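Novice: from the sequence below, what's the structure:
(chains A and B)
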Number of protein chains: 2
Amino acid sequence: MNEFELIARLTQSLPTNPSVVVGPGDDCAVLALGAPDQWLLFKTDAAVEGVHFTRDTPPEKIGHKALARCLSDIAAMAGTPTVALVTIALPQKFDVKFIETIYAGLTALAQKHGVAIAGGETTTNPDRILISIALLGIVPRGKAVLRSGAKAGDAIFVTGELGGSLAGKHLEFEPRLAEARWLAENFPVHAMIDLSDGLAGDLRHILKASRVGAELLKSAIPISRAAKSLAKGNTPTRPPFVAALTDGEDFELLFAVPGRHAVKLLDAWKRQFPGLRLSCIGKITADEGITIRDKTRVQRLTSDGYVHFA
Amino acid sequence: MNEFELIARLTQSLPTNPSVVVGPGDDCAVLALGAPDQWLLFKTDAAVEGVHFTRDTPPEKIGHKALARCLSDIAAMAGTPTVALVTIALPQKFDVKFIETIYAGLTALAQKHGVAIAGGETTTNPDRILISIALLGIVPRGKAVLRSGAKAGDAIFVTGELGGSLAGKHLEFEPRLAEARWLAENFPVHAMIDLSDGLAGDLRHILKASRVGAELLKSAIPISRAAKSLAKGNTPTRPPFVAALTDGEDFELLFAVPGRHAVKLLDAWKRQFPGLRLSCIGKITADEGITIRDKTRVQRLTSDGYVHFA
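Specialist: Model prediction:
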């Protein structure tokens, strides 16, 4: 049983109550908790030594990544992060300086985005460091962008460049908070997600929630320099295009906007965010599944996330 | 460096913002996030295999305990819990039935208190199961009971009976939510905390936050049957009174109310909660530190949490 199957099983009969607007299965939970004009976004995310970072990772980058992952989920709903709690589970013997530097990385990123760190806890995890962030954000009532609103005919966009994140970006990425809010304020964004599992996997999350399919244009998918360099290495590796589809941890925004807005959006984006590439990579289709079009043919993306090239 | 010293160091310069009413150092963070008449309570707490439970612990009790610990912190501020997120970190090979039963324990307790489980995440912790709960609660604006309001002359109360929790109670305890809300609605509760570190340690948290001291009456401290039985065992063990002071994981309420309300409170409590003992165990003093009075003398409780009996 993989992670997604386990989650599906665990979340099939969880208790709810009237404060829950959106429960399990989107980037954040969405809550109506007393404020007349806003919703709360609620998210937790953990970073584990040996999984998301190593003992050799510079500690300020561990802190940065732990918080940035959560901020990226708030971005994916076009929200504004406000307050975090930090849980850090440590072996009995810990290097105080190392832990303080993790906190320095967390704090620097929190300050940059006006996020308060209002507490949390330290506990024991004998074998490895684990950092779990619980984050609250706000979004105007009714304005959270979900995964479930994509419609046939929408254009699919992605920010930045994809693939090869493990070469360094996964520790240093900037969550696309300002970009996501600007998008939601200026365009009818039907669905949005942040890329953590990889373009193919995360697009599937949108498609499944929206009950639609997608056709991607191979030449339009922005491939990072890191993915290209990795492909040139000596050891046999995947083609850069496959890396861009499946590597994960890109933490870019993937979203769907009605096709008629596509050109206007690309123009406006270039003026608003000249330093960040925006690519229209395909369109939402009524037929389910993902197909990829290149110059000569259309191929289906198989369910394990990889394209099988003939 | 112990846990409290580390926390003091990590929390000395954390970023804040205007939504934070109470930051690190109380049972929960208190937030003003848009709702005109209520505050939010925000709390995280983790339960770790080998620390808070073992592989032999019945899994539904693991789930119960993980959530109950957090609920108890909401109770300590006289709040009402509303929405939880559940993070579960698992070894690669996990027993699905075991995890589902942990969730069943969590869910049963959540339903009992009207708490929604609105998501969370699963992640990898290769060596042991770790469950972290992030919990939101609400409290009427201005009505959160903090640790910092105890005043000289207040009577000190504790619910239930103390000590020996590890014999079983720590896995089955009921968070004192209804009791705490009733207290705050009916009496001027100056300060409150839930007992997780043990009476001596948690009383110190109140005293430090309130800059006062306490005199306890030895004969008034309610000692659990479990603490008494453990003291009768064959191996040398601590006297039951010391167990009641220091064992931890009691998850009862410890609170301070002006002395003139003490008798009225004890009477009203007996009618309201006939099944749960309430004990007046001493008084708040202007002099700092904790002293313990018995028939013949007054002794000072040393800073390591143990009484040194002559």
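
Novice: stretch A:11-27: how far from the chain's middle?
Specialist: 20 Å (C-alpha atoms, centre = their mean, to the nearest Å).

Novice: got it, and stretch A:246-257?
Specialist: Put simply, stretch A:246-257 sits 6 Å off its chain's centre (C-alpha atoms, centre = their mean).

Novice: and that stretch, C-alpha only, in PDB?
Specialist: Coordinates of the C-alpha atoms in stretch A:246-257 are reproduced here as PDB (Å, rounded to 0.1, in the frame of the first residue of the first chain):
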ATOM      1  CA  THR A 246       8.400  13.600 -12.300                       C
ATOM      2  CA  ASP A 247      11.200  14.800 -10.100                       C
ATOM      3  CA  GLY A 248       9.100  16.500  -7.500                       C
ATOM      4  CA  GLU A 249      10.000  19.200  -4.900                       C
ATOM      5  CA  ASP A 250       9.800  22.000  -7.500                       C
ATOM      6  CA  PHE A 251       7.400  24.000  -5.400                       C
ATOM      7  CA  GLU A 252       6.200  26.000  -8.400                       C
ATOM      8  CA  LEU A 253       2.500  26.800  -9.000                       C
ATOM      9  CA  LEU A 254       0.400  24.700 -11.400                       C
ATOM     10  CA  PHE A 255      -2.900  26.200 -12.300                       C
ATOM     11  CA  ALA A 256      -5.800  26.400 -14.800                       C
ATOM     12  CA  VAL A 257      -7.300  29.500 -16.200                       C
END
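
Novice: okay, A:Q111 and chain B: tell me how far apart.
Specialist: Here A:Q111 is placed at a distance of 5 Å from chain B (C-beta to the nearest C-beta, to the nearest Å). All C-beta atoms are positioned from the backbone trio N, CA, C, and that covers glycine.

Novice: part of a helix, is that residue?
Specialist: Yes. Looking at A:Q111 with DSSP: H, G, I helix; E, B strand; the rest coil, it is inside a helix.

Novice: okay, the closest residue to it other than its chain neighbours: pLDDT?
Specialist: Spatial nearest neighbour of A:Q111, chain neighbours left out: B:P15 (4.7 Å); criterion: C-beta to C-beta, 6 or more residues apart in numbering or on different chains. You'll see B:P15 listed with a pLDDT of 96.

Novice: so who does B:P15 touch?
Specialist: Contacts for B:P15 (C-beta atoms under 8 Å, 6 or more residues apart in numbering or on different chains) come out as A:T107, A:A110, A:Q111, A:V115, A:A116, A:I117.

Novice: quick check, nearest of the residues you listed to A:T11?
Specialist: Checking the contacts of B:P15 against A:T11 with C-beta to C-beta, the nearest one is A:V115 at 27.0 Å.

Novice: beta partners of the closest residue to the closest one other than its chain neighbours?
Specialist: Using C-beta to C-beta, 6+ apart and skipping residues adjacent in sequence, the residue nearest A:V115 is A:P81, 4.9 Å away. On the basis of DSSP bridges, A:P81 is bridged to A:G137.

Novice: any idea how far A:R128 is from A:G164?
Specialist: A:R128 sits 26 Å away from A:G164, going by C-beta to C-beta, to the nearest Å.

Novice: neighbour count winner among the two?
Specialist: Using other C-beta atoms under 10 Å in any protein chain shown, the more surrounded residue of A:R128 and A:G164 is A:G164, with 24 against 19.

Novice: wait, doesn't the more buried one sit right on A:A226?
Specialist: Yes. A:G164 lies in contact with A:A226 (C-beta atoms under 8 Å); the separation is 3.0 Å.

Novice: most surrounded residue in the contacts of B:P15?
Specialist: A:V115 (29 neighbours).
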